[in-house]
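A.B. asks: fold the following for me, if possible:
(one chain, ligands or ions: 1)
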Amino acid sequence: MNQVSTTQGAQGAQGAQGAQDAKVTIVGLGPMGRAMAAAYLDAGYQVTVWNRSPGKDADLVARGARRAAGIGEAVAVSRLTVLSLIDVEALYGTLGDTDLTGRVLANLSSDVPDKARAAARWAEERGAAYLTGGVNVPPTGIGQQGASVFVSGPKEVYEEHRAALDVLAATDYRGADPGHAQLYYQLNMILFWTAYTGWYQAVAVARANGLTAADILPYAGATADSMRGFYAGAAPLIDAEEHGGEYERLAMCAASVEHVLHTAADSGVDTGILAAHAALYRRGVEAGFGADSSSRLIGILGGTSAT
Ligand code: NDP
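C.D. replies: Below is the predicted model of the structure:
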């Protein structure tokens, strides 16, 4: 199932369909939608843009994008419409009763998997083909090497529009289930947001002790880099349900997490997140897993085996 496209940036468009004739519509001109429209202009596409509120398309129109008079015209002009809205559900209010017959919608707005599935049904009932996407980079990464976007939906629709989507970011096809692109995206976001909140918590404790964010940056970077090794070492053991405590015992981890909690408390900063963290580790020890690996916490969190 792992199918990360190798084409990327403008190469994807020009290689597959001759960008001079290629048309695309972008609906939603927040920072992400504007970056997408700009990437298509760079790649030579005929770009049509539409946004709920006026005034966000000036730079794009100055560069040659066409401003649609309304959402109906926007969707009618190009077979492929890329949506970049606040969430997947904004699709309903945006498209309303627009005729979608024969249109292809690639909704690259973020949301939860079930809402992506419902939106796919809604669009397909109105005659559109529908792809879901989760973009893994900020607007500055669109069209750049290393950018990726999870895509899911009907395989033939993906194959037909893969080159166009690769203009934005290398597509990583996650299967026919329209919810899967969002599922993979949200899994990444779990990792991202917990790590980012951890960074803010560390900076708060650092500041309370007279240190700056810059002071701890080298160590924060090294810790972030080390996580890949932790994941890679643990994944096969987790999947094999091997939770032996040969290298790290949950009881040791729980004690370490208590030290973190008390360092924050002694520094006078908010401990809400760290208290919840410590409580989870305590539950693991109280459940009798103190001598096992901390990976026992996956079960404590309710994560049952995938097999
Ligand atoms: P913005 O919130 O800045 O823009 C959102 C767009 O959605 C605007 O066009 C806005 O229209 C429209 N919109 C907002 N609310 C509604 C509504 N109720 N009904 C219809 N349209 C609405 O978001 P971004 O451009 O930053 O991001 C777009 C998508 O990309 C989001 O789903 C986001 O999660 C995702 N994404 C963003 C990243 C980023 O770093 N920015 C990174 C990865 C993914 P209007 O101008 O009229 O308000």
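
A.B. asks: check the gap between L165 and V24 for me.
C.D. replies: L165 is 10 Å from V24, where distance means CB to CB, to the nearest Å. Placement of C-beta: from N, CA and C, glycine included.

A.B. asks: need phi/psi at the residue of the stretch 151-300 of the chain found nearest the ligand.
C.D. replies: As assessed by CB to the nearest ligand atom, the ligand sits closest to Y185 within the stretch 151-300 of the chain, at 8.0 Å. The phi/psi pair for Y185 (degrees, to the nearest 10) reads phi -60, psi -50.

A.B. asks: now L131
C.D. replies: phi -120, psi 140.

A.B. asks: please renumber so the chain begins at 597
C.D. replies: In the new numbering, first residue 597, that becomes L727.

A.B. asks: state the number of residues packed around the nearest residue to it once chain neighbours are set aside.
C.D. replies: Sequence neighbours aside, G749 is the residue nearest to L727 in space, at 3.9 Å (criterion: CB to CB, 6 or more residues apart in numbering). For G749, the tally of surrounding residues (other CB atoms under 10 Å) stands at 30.

A.B. asks: picking that back up, if I read this right, the residue of the stretch 747-896 of the chain closest to the ligand contacts V733, doesn't it?
C.D. replies: No - counting by CB atoms under 8 Å, V733 is not a contact partner of Y781; they are 11.6 Å apart.

A.B. asks: who are the contact partners of G660?
C.D. replies: 637, 643 (CB atoms under 8 Å, 6 or more residues apart in numbering).

A.B. asks: give me the three-state assignment for it.
C.D. replies: coil (DSSP: H, G, I helix; E, B strand; the rest coil).

A.B. asks: how close does the closest residue to the ligand within the chain get to P734?
C.D. replies: Residue of the chain nearest the ligand, by CB to the nearest ligand atom: G626 (2.2 Å). To P734, G626 is 12 Å away according to CB to CB.

A.B. asks: neighbour count winner among these two?
C.D. replies: Remark: of G626 and P734, G626 carries more neighbours, 14 against 11, as counted by other CB under 10 Å.

A.B. asks: off-centre distance for the strand or helix carrying T819?
C.D. replies: Here T819 sits within helix 809-835, counting by DSSP states H and E. Centroid separation between helix 809-835 and its chain, computed with CA atoms, centre = their mean, to the nearest Å, is 20 Å.

A.B. asks: could you do stretch 781-789 as well?
C.D. replies: From the chain centre to the centre of stretch 781-789 is a distance of 7 Å (CA atoms, centre = their mean).

A.B. asks: now do stretch 893-900
C.D. replies: Taking CA atoms, centre = their mean, the mean C-alpha location of stretch 893-900 is offset from the chain mean by 23 Å.

A.B. asks: stretch 741-756 now?
C.D. replies: Chain-centre distance of stretch 741-756: 14 Å, with CA atoms, centre = their mean.

A.B. asks: ditto for stretch 740-758
C.D. replies: Averaging C-alpha positions (CA atoms, centre = their mean) puts stretch 740-758 14 Å from its chain's average.

A.B. asks: does it reach the ligand?
C.D. replies: No - for stretch 740-758 and the ligand, the contact criterion (CB under 6 Å from any ligand atom) is not met; the two come no nearer than 9.0 Å.

A.B. asks: now do the helices in this structure.
C.D. replies: For the chain, helices defined by DSSP state H occupy the ranges 606-613, 627-638, 654-658, 667-673, 686-691, 709-721, 751-762, 776-804, 809-835, 846-862, 868-880, 893-896.

A.B. asks: in the fourth one, what counts as buried?
C.D. replies: Right, the one you point to is helix 667-673. Buried residues in helix 667-673, counted by 16 or more other CB atoms under 10 Å: 667, 670-673.

A.B. asks: next: the second one.
C.D. replies: When burial is assessed from 16+ other CB under 10 Å, helix 627-638 yields the following buried residues: 628-638.

A.B. asks: from the residues you listed, which are also near the ligand?
C.D. replies: Restricting these to those near the ligand by CB under 6 Å from any ligand atom leaves 628-629.

A.B. asks: nearest to V856 among the buried residues of helix 627-638?
C.D. replies: M628 (35.0 Å; CB to CB).

A.B. asks: list the contacts of the closest one.
C.D. replies: So M628 contacts 680, 704, 731, 734-735, 738 (CB under 8 Å, 6+ apart).

A.B. asks: tell me which of those is nearest to C849?
C.D. replies: For the contacts of M628, the nearest to C849 is P734 (32.8 Å; CB to CB).

A.B. asks: which ones are touching the closest one?
C.D. replies: In this structure, P734 makes contact with 627-628, judged by CB under 8 Å, 6+ apart.

A.B. asks: if we can go back for a sec, save the contacts of M628 as JSON lines, and put in distance to A712 too.
C.D. replies: As requested, these are arranged in JSON lines below (distance: CB to CB, whole Å):
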{"residue": "S680", "distance to A712": "14"}
{"residue": "L704", "distance to A712": "11"}
{"residue": "V731", "distance to A712": "13"}
{"residue": "P734", "distance to A712": "21"}
{"residue": "P735", "distance to A712": "21"}
{"residue": "I738", "distance to A712": "20"}
